[in-house]
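Peer 1: following is a predicted model, sequence given first.
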Amino acid sequence: MDLGIRGRHALVCGGSKGLGKAAAVSLAREGVNLTLIARTAGTLEATALEIAAATGVRVSTVAADVTTLQGREHVLSVCPNLDILVTNPGVRQTPDDFRSMTRTDLDAWMEAHFFSAFELIRAVVPGMCERKFGRVVNISVSFIKFPQVNFGHSHAARLALAGAIGSMVRELVAHNVVVNSVLPGFFDTDALRTNLHGHAARGNTTYEAIVADRLKATPAGRFADPQECGDLIAFLCSAQNGYMTGQNIVNDGGVYQGLF
C-alpha cells in the first residue's frame, strides 16, 4: 500500500532510538524526508546516517531538548514548515509518590509530557492548514487508559495533552490536518528494559521475574517489535488518513480490557 506521502517532510522527536526511531524508519521507507530531534548528538547522527543509507531519503538532525522552551524554540526556528510532526519527549516514566512530590517536580513532568508536544503542535498546525495537509502523531502510553499507582504525575500530563488535542482537532480537520495519538504498551526498547530493571530493584526481585510477570499479563505473550508501532504511526501520517482525528489508539497486545 502506497501511503501517498513520498516527498513530504517529517519532524520526529526522540528520533534517535526506540519508538521515535521506529517511526522515522517507517516514514523513511515511504519516501518521507526527515528531521530527527534528540538530545544526544552522537546517537542522533548515527541514526540519521543509518536511515539515509537504508532508504535514500534526506535526513537532517537537530540536537535539542524539546522538554525545554529553549529547545522547542530552536527546533521551530530550524523547521518552521512541516507536513508531518511526531511528538515524543524521549523521557521515560519513573514512579514517584504523590504525597511527597513538589510543585517543581510536577511542573517538570508537565514540561516533559504536555508542553513538549502541545507547543510544537500549536506552532506548526497553522501552516499545515494553509497548505491543506498535516499529520500529527503523539507517542503517549497505554496506561493513560488505566493509570498505574505512583505514576499519576506522568499520566496526568499525558491526559492533559489528550484533552487539549480533543478540543483542537475539530478546527483543523476541515483543512486536511489530523492529530492522533498512539498509546503503546510493552515494546522491546531500551526504555522498557531500563524501566523493568528499575522495577526489579525496587521490588527486590530479578529482572527475569519482572519480565515473566509482564508477559503473563500480556495476552499477546510477547513484547512487541518497535517497528510495529512505527508502521502504525506511518499509516496515521498517510494521505489516506484524513478523516480519523482526535483518537487515542491503544497498541498493547491486548493488555487494556476496556471498550472505550
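Peer 2: Thanks, I have the structure now. Residues are numbered from 1 along each chain as shown.
Peer 1: quick one: the strands in the stretch 101-250 of the chain, in order.
Peer 2: 134-139, 177-184, 248-251 (DSSP state E, counting those that start in this stretch).
Peer 1: tabulate these in JSON lines, adding columns for mean pLDDT, distance to Thr102 and mean neighbour count.
Peer 2: C-beta here means a position set from N, CA and C on the backbone, and glycine is covered the same way. Listed next are the strands of the stretch 101-250 of the chain as JSON lines, based on pLDDT from 0 to 100; distance: least, CB to CB, whole Å; neighbours: other CB atoms under 10 Å:
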{"stretch": "strand 134-139", "mean pLDDT": "98", "distance to Thr102": "27", "mean neighbour count": "27"}
{"stretch": "strand 177-184", "mean pLDDT": "98", "distance to Thr102": "28", "mean neighbour count": "24"}
{"stretch": "strand 248-251", "mean pLDDT": "97", "distance to Thr102": "29", "mean neighbour count": "18"}
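Peer 1: columns distance to His197 on top of those strands, output as CSV?
Peer 2: As requested, the strands of the stretch 101-250 of the chain are exported to CSV (distance: least, CB to CB, whole Å):
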stretch, distance to His197
strand 134-139, 22
strand 177-184, 19
strand 248-251, 23
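Peer 1: residues touching the closest residue to Ile165 other than its chain neighbours, list them.
Peer 2: Spatial nearest neighbour of Ile165, chain neighbours left out: Val179 (5.2 Å); criterion: CB to CB, 6 or more residues apart in numbering. Neighbour list for Val179: 121, 125, 136-138, 165, 168-169, 172, 245-246 [criterion: CB atoms under 8 Å, 6 or more residues apart in numbering].
Peer 1: please repeat the previous calculation with a cut-off of 7 Å.
Peer 2: Shown here is Val179, whose contacts under the criterion CB atoms under 7 Å, 6 or more residues apart in numbering are 121, 136, 165, 168-169, 172, 245-246.
Peer 1: can you pull out the low-pLDDT segments for the stretch 151-260 of the chain?
Peer 2: Judged by pLDDT under 70, the stretch 151-260 of the chain has no weakly predicted residues.
Peer 1: tell me where it has helices.
Peer 2: All helices of the stretch 151-260 of the chain, identified by DSSP state H, counting those that start in this stretch, fall at 152-172, 190-202, 207-216, 226-236.
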